[in-house]
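Participant: My questions are about this predicted structure, shown below with the sequence.
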Amino acid sequence: MTEQLNQHEVSEKKVSVRLWPAVVIALLHVAAVLAFRFFGTTNNVENGMALGLPPLVSLVLLVFWWLLFSRVPVRSRLLGFVLFSVCVALLVFSQKPWWFGGLLIAVAMPYLTLGSVLVLLVTYRVRWSLRRWLLVAYVLVCFGVFCAVRVDSMTGDLVPILSWRWIPTEMERSEEALAFEDGGVATLPPALNADDWPDFRGAQRDGRLEGTRFIIDDSAPPKELWRRKIGAGWSSFIAVGDYLFTQEQRGEEELVTCYEAATGEPVWKNSLKAIFDDSMGLGPRATPAYSEAKLYTQGCTGIVQCLDAATGETSWQRDLKKEADRDVPMYGFCSSPLVVGGRVVVFAEGGKGKCLIAYDCATGEEAWRGGALGGGYASPALAVVQGLPQILMASSSGLEAFVPETGDVLWAHDWKVKQYARSVQPFIQDEERVMIASTTGTGTRLVRVNKNDTEWTTHEVWTNLKYRPYFNNGVLHKGHYYGYDGERIACLDVATGERLWKGEPLSGQLLLLAEMDMLLVLSEKGEVVFIPAVPGGFSVAGRFQAIAGKTWNHPIIAHSRLFVRNAEEAACFELPAEG
């Protein structure tokens, strides 16, 4: 026995690990990450793939090296492989849902694999009997650190957002924000003012602000008037008179809420026992619409409501799951209701003939339904095409136009997306050209709509496969479209379809200050960035940090104030007047 132990000790001392292949694999991994970062596309989904692909390939190569070519003793190879596999499995199933564990592995794997190679490299003079335990200790410490991490959601380019397990979850934070002194009454103006912001992306739903100018001074950001915690959700504010309205999640209640615009103090809330939570976040995503002292809302689980805007009391309610005979979509009901001609139109995303449903604003009775659209997360929009008002609805199947009074389909342009549902709003130029877009390999297309007597036709003007917005909307200004190619701000020449420039990977949402030729971007990280809306090139005129946390909500400007919110907090800033 003593002789066998001595032989084992001698063999351990003679272990010479063949390390150079592992070092080459590690260097190639680093090179691939840098290549993706500096030379990769601006597409969200492909950037998400870049997060997982290099770690996966290097893992496979390193396992192959470890088991077959490392010269490590066979028992150490097998035990090391088992230990590593168990750690990976535990990391995966430590997350809820479990597939969040796959996202965590994409982040953790470079630390586990490249770190292990580094440990072997710096300990190359140490005998194997100690060296293997140093390697085991590193793997276990690394595993322990990532076991203490939780995947909360994802960014716009599909990168997981991590937090420590002892930090409250989004649901727990929303429950903490439950204190809400309501029961007040909003004193609403008799008619809308030009400075109001009564609908999703403004009165015309185009993210465009006219008649407003203010000073942008990078050294002196706008004055903060108030800041407050808010419930979760990607709904934006609307502003009417002295009041703000939005939707949010607080605990198991889905709320429509009213705040004083000047102070941020709550006025009233309307609550439903409903909850929607997925990989993109918690809570409602649609923005309320205001018309004639009424609010029209669509919750994430499909509840459509008409509320008294003064008190928050429910006038009528409909359930799209029953009306359209369908389940809740993968990312919830996200479309913002459109009010037109005494009817509120909602995207139900049902089967043929059940895609758009219009309800009478006064009674809630169904006025019409129609369409053969596919799924998606865009909102209906009112536009004038060839001199005729019509409702445009973009979906994963393409684009359809409806008669507002009857729901009859005027024309349709088929352009199916291959994957990842279409989410951005279509844009009209010159009352005859419509631009629609989507992410991944589908890109952006300009469509010309023609009318000959009663016959409508469409044809493709151009398609740019390399301009691919995901869920981030853009604006049209002086013949150019300013929006997102993936998560990067970019400018597109509408006449030719050529991308003229691309800027920072800000993601988030934006609006246009038309008279200032300026974009106001509320980035995914809650930063306000002012970018000149000019085709000559990308630049930044000013920026300041407005709110903290992941931000996908649209910013609004009303009565010379900027209002921003996300799933954690809301804030108001005074915009300094010129002169």
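Facilitator: Yes, it's here. Numbering: from 1, shown residues only.

Participant: quick one: low-confidence parts of this protein?
Facilitator: Under the criterion of pLDDT under 70, the regions of the chain flagged as low confidence span 1-14, 39-49, 177-179, 579.

Participant: Scan it for its longest helix.
Facilitator: With residue count as the measure and DSSP state H as the assignment, the chain has helix 44-68 as its longest helix.

Participant: which residues touch it?
Facilitator: Helix 44-68 is contacted by residues 21-22, 25-26, 28-29, 32-33, 36-37, 40-41, 72, 77, 80-81, 105-107, 109-110, 113-114, 116-117, 154, 156-159, 420, 439-440, 468, 470, 486-487 when judged by CB atoms under 8 Å, 6 or more residues apart in numbering. The way it works is simple: take the backbone N, C-alpha and C, and place the C-beta from them, glycine included.

Participant: Any of these buried? List them.
Facilitator: Among these, those classed as buried by neighbour count (16 or more other CB atoms under 10 Å) are 21-22, 25-26, 29, 32-33, 36, 40, 72, 80, 105-107, 109-110, 113-114, 116-117, 154, 156-159, 420, 439-440, 468, 470, 486-487.

Participant: Show me those residues that map onto strands.
Facilitator: Using DSSP state E, M154 are the members of these that sit in strands.

Participant: Show me the buried ones among the contacts of helix 44-68 that map onto helices.
Facilitator: Among those, the subset assigned to helices under DSSP H consists of 21-22, 25-26, 29, 32-33, 36, 80, 105-107, 109-110, 113-114, 116-117.

Participant: Spatially nearest residue to the residue nearest to the spatial centre of the chain, not counting backbone neighbours?
Facilitator: The centre of the chain sits closest to G156, judged by CA atoms, centre = their mean, with a distance of 4.7 Å. Once its chain neighbours are removed from consideration, G156 has its nearest residue in S507; the separation is 4.0 Å (CB to CB, 6 or more residues apart in numbering).

Participant: Would you enumerate the residues in contact with that neighbour?
Facilitator: Counting by CB under 8 Å, 6+ apart, S507 makes contact with 155-157, 472, 484, 487, 523-524.

Participant: coming back round to it: tell me how far the longest helix of the chain lies from the chain's centre.
Facilitator: On the basis of CA atoms, centre = their mean, to the nearest Å, helix 44-68 sits 26 Å off its chain's mean C-alpha point.

Participant: what does stretch 421-429 give?
Facilitator: Stretch 421-429 has its average C-alpha position 15 Å from the chain's average C-alpha position, going by CA atoms, centre = their mean.

Participant: residues of that stretch that come out buried?
Facilitator: In terms of neighbour count (16+ other CB under 10 Å), stretch 421-429 has its buried residues at 421-428.

Participant: from these, which single one is nearest F93?
Facilitator: Taking CB to CB as the measure, F93 sits nearest to A421 out of these, at 29.0 Å.

Participant: contacting residues for the closest one?
Facilitator: The contact partners of A421, by CB under 8 Å, 6+ apart, come to 330-331, 374-377, 395-396, 438.

Participant: repeat that for 10 Å
Facilitator: Taking CB atoms under 10 Å, 6 or more residues apart in numbering as the criterion, A421 is in contact with 329-331, 334, 349, 374-378, 395-396, 438-439, 470-471.

Participant: Check L120 too.
Facilitator: L120 makes contact with 17, 19, 22-23, 70, 72, 126, 131-132, 134-135, 138, according to CB under 10 Å, 6+ apart.

Participant: can you confirm it is in a helix?
Facilitator: Yes. With DSSP: H, G, I helix; E, B strand; the rest coil as the criterion, L120 is part of a helix.

Participant: and the gap between it and E172?
Facilitator: 41 Å (CB to CB, to the nearest Å).

Participant: So which bits of stretch 171-184 are buried?
Facilitator: 171, 173-175, 177, 180, 184.

Participant: Roughly how far does the nearest residue to G101 once chain neighbours are set aside sit from S153?
Facilitator: Among residues not flanking G101 along the chain, V92 sits closest, at 3.3 Å (CB to CB, 6+ apart). Between V92 and S153 the computed distance is 18 Å (CB to CB).

Participant: With H480 instead?
Facilitator: Taking CB to CB as the measure, H480 and S153 are separated by 33 Å.

Participant: what's the answer for K269, then?
Facilitator: Using CB to CB, K269 is found at 25 Å from S153.

Participant: same check, this time on A22
Facilitator: As defined by CB to CB, A22 lies at a distance of 34 Å from S153.

Participant: can you check D485 too?
Facilitator: Using CB to CB, D485 is found at 23 Å from S153.

Participant: of the two, who's got more company?
Facilitator: Using other CB atoms under 10 Å as the criterion, D485 and S153 rank with D485 on top: 29 against 19.

Participant: The more buried one pairs with what?
Facilitator: Beta-bridge pairing for D485 (DSSP bridges): R488.

Participant: ok, it touching L465?
Facilitator: No. Counting by CB atoms under 10 Å, no contact exists between D485 and L465, whose distance comes to 11.1 Å.

Participant: Quickly list what's touching both of the two.
Facilitator: Residues touching both D485 and L465 (CB under 10 Å, 6+ apart): 443-444.

Participant: The one helix or strand T246 maps to: what's the following helix or strand?
Facilitator: Secondary-structure assignment from DSSP states H and E places T246 in strand 243-250. Moving toward the C-terminus from strand 243-250, the first helix or strand encountered (DSSP H and E) is strand 253-260.

Participant: And the next helix or strand past that following strand?
Facilitator: Downstream of strand 253-260 (by DSSP H and E), the next one is strand 266-273.

Participant: Pull out the buried positions in that following strand.
Facilitator: For strand 266-273, by 16+ other CB under 10 Å, it's 266-272.

Participant: Which single one of those is nearest to G341?
Facilitator: Comparing these against G341 with CB to CB picks out N270 as the nearest, at 25.1 Å.

Participant: what separates that closest one from S315, distance-wise?
Facilitator: 11 Å.

Participant: what's the overlap in contacts for these two?
Facilitator: Joint contacts of N270 and S315 (CB under 10 Å, 6+ apart) are 295, 305, 307-308.

Participant: Which elements pack onto the strand or helix carrying L78?
Facilitator: With elements taken from DSSP H and E, the one containing L78 is helix 74-93. Here helix 74-93 touches helix 44-68, helix 100-122, helix 128-147, going by 3 or more CB pairs under 10 Å, 6 or more residues apart in numbering; DSSP states H and E.

Participant: so how far is it from its chain's centroid?
Facilitator: 35 Å.

Participant: Could you do stretch 324-335 as well?
Facilitator: Centre-to-centre, stretch 324-335 and its host chain are 17 Å apart (CA atoms, centre = their mean).

Participant: Next, the buried residues of that stretch.
Facilitator: Buried, per 16+ other CB under 10 Å, within stretch 324-335: 324, 326, 329, 331-335.

Participant: that older thread, can I assume the residue nearest to G101 is in contact with W99?
Facilitator: Yes. If you go by CB under 10 Å, V92 and W99 touch, sitting 8.3 Å apart.

Participant: Those two: which is more packed in?
Facilitator: Neighbours of V92 and W99, each counted by other CB under 10 Å, are more numerous for V92; the result is 16 against 11.

Participant: show me what contacts the more buried one?
Facilitator: Contacts for V92 (CB under 10 Å, 6+ apart) come out as 98-105.
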